[in-house]
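**Student:** The following comprises the amino acid sequence and a computationally predicted model.
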Amino acid sequence: DGGITQSPKYLFRKEGQNVTLSCEQNLNHDAMYWYRQDPGQGLRLIYYSQIVNDFQKGDIAEGYSVSREKKESFPLTVTSAQKNPTAFYLCASSSNRQTYNSPLHFGNGTRLTVT
Amino acid sequence: AQKITQTQPGMFVQEKEAVTLDCTYDTSDPSYGLFWYKQPSSGEMIFLIYQGSYDQQNATEGRYSLNFQKARKSANLVISASQLGDSAMYFCAMRGVKGKLTFGQGTILTVHP
């Protein structure tokens, strides 16, 4: 079955450490996205990529970095510069780069806790 | 810039009754899409329904329908015959011509037996 895989489901890190969240899709989608969700809140866009080797900052990119070396993969690194990294992180993909009528398909998320 | 507003932090409905979840939006894009997602307590985001800005008819998907009023910039979700499994967080979202999907703050729906 095609889908988006995020791993791990739960991640614990010490403050000051960088951590990388994995996102892999086998839907052959061009566009991929990273969102952050805080408790009781909506989703906020961190980074997105519409094509391999290219990505753009979203609304809350500070303290995060990404890469898009393969179409299937879009890893997110939460750096020590991110002031409040504890959150639920959702990866998504879409079949069209800029078309407004395609829904985003989401992975099951990674819950990151930094202490 | 795109903005989505969901003014109902929480809603309650009796099982088998209908419920409307409100959503208003703002955008300068001439073309856009409106989406509703369901997020159960497990956290996954489930796509429910889509409405395009040029669609003449309101979208329907099973028990879900979207009441689209373009002039009022509203895209309310109607769930008919509510079920206990409908209890979840519901998000309204909009996607413009640049492809970014912008979410509202969400509405927590609780279905009572």
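**Tutor:** All right, it came through fine. Residues are numbered from 1 along each chain as shown, chains lettered A, B, ... in the order given.
**Student:** Could you confirm whether the helix or strand containing B:L77 reaches chain A?
**Tutor:** Using DSSP states H and E, B:L77 sits in strand B:74-79. No. Strand B:74-79 lies out of reach of chain A by C-beta under 8 Å from any C-beta of the partner chain, never closer than 13.4 Å. Glycine gets a C-beta too; all of them are placed from N, C-alpha and C.
**Student:** Also compute the angle for the helix or strand just after that strand relative to strand B:74-79, please.
**Tutor:** Under the assignment DSSP H and E, the closest C-terminal helix or strand after strand B:74-79 is strand B:88-95. Strand B:88-95 runs at 150 degrees relative to strand B:74-79, counting by axes from the mean of the first three to the mean of the last three C-alpha atoms, to 10 degrees.
**Student:** so what's residue 8 scoring on pLDDT?
**Tutor:** Using chain A here. Looking at A:P8, its pLDDT is 91.
**Student:** oops, I was thinking of chain B
**Tutor:** Per-residue pLDDT puts B:Q8 at 97.
**Student:** ok, and what's touching whichever strand or helix holds B:Q51?
**Tutor:** Using DSSP H and E, B:Q51 maps to strand B:46-52. Here strand B:46-52 makes contact (C-beta atoms under 8 Å, 6 or more residues apart in numbering or on different chains) with A:100-101, A:103-105, B:31-40, B:58-61, B:64-66, B:68, B:75, B:77, B:90.
**Student:** Filter those down to the buried ones.
**Tutor:** The neighbour-count test (16 or more other C-beta atoms under 10 Å in any protein chain shown) marks A:100-101, A:103-105, B:32-39, B:59, B:64-66, B:68, B:75, B:77, B:90 as buried among these.
**Student:** So which residues on chain A come close to chain B?
**Tutor:** Counting by C-beta under 8 Å from any C-beta, chain A sits next to chain B at A:31, A:33, A:35, A:40-45, A:48, A:50, A:58, A:88, A:90, A:92, A:94, A:96-109, A:111.
**Student:** And the average pLDDT for the strand holding B:L77 is what?
**Tutor:** Taken as a whole, strand B:74-79 carries a mean pLDDT of 98.
**Student:** cool, and stretch A:38-47?
**Tutor:** The pLDDT scores in stretch A:38-47 average 92.
**Student:** per-residue pLDDT, residue 65?
**Tutor:** Answering for chain A, as no chain was given. The model's pLDDT for A:S65 equals 97.
**Student:** Not quite, go with chain B.
**Tutor:** For B:S65, pLDDT reads 98.
**Student:** Leaving out sequence neighbours, find the closest residue to residue 87.
**Tutor:** I went with chain A, as the question did not name one. A:R36 (4.9 Å; C-beta to C-beta, 6 or more residues apart in numbering or on different chains).
**Student:** That was the other one, I meant chain B.
**Tutor:** B:V111 (4.8 Å).
**Student:** picking that back up, sitting in strands, which of the contacts of strand B:46-52 do you find?
**Tutor:** A:105, B:33-39, B:60-61, B:64-66, B:68, B:75, B:77, B:90 (DSSP state E).
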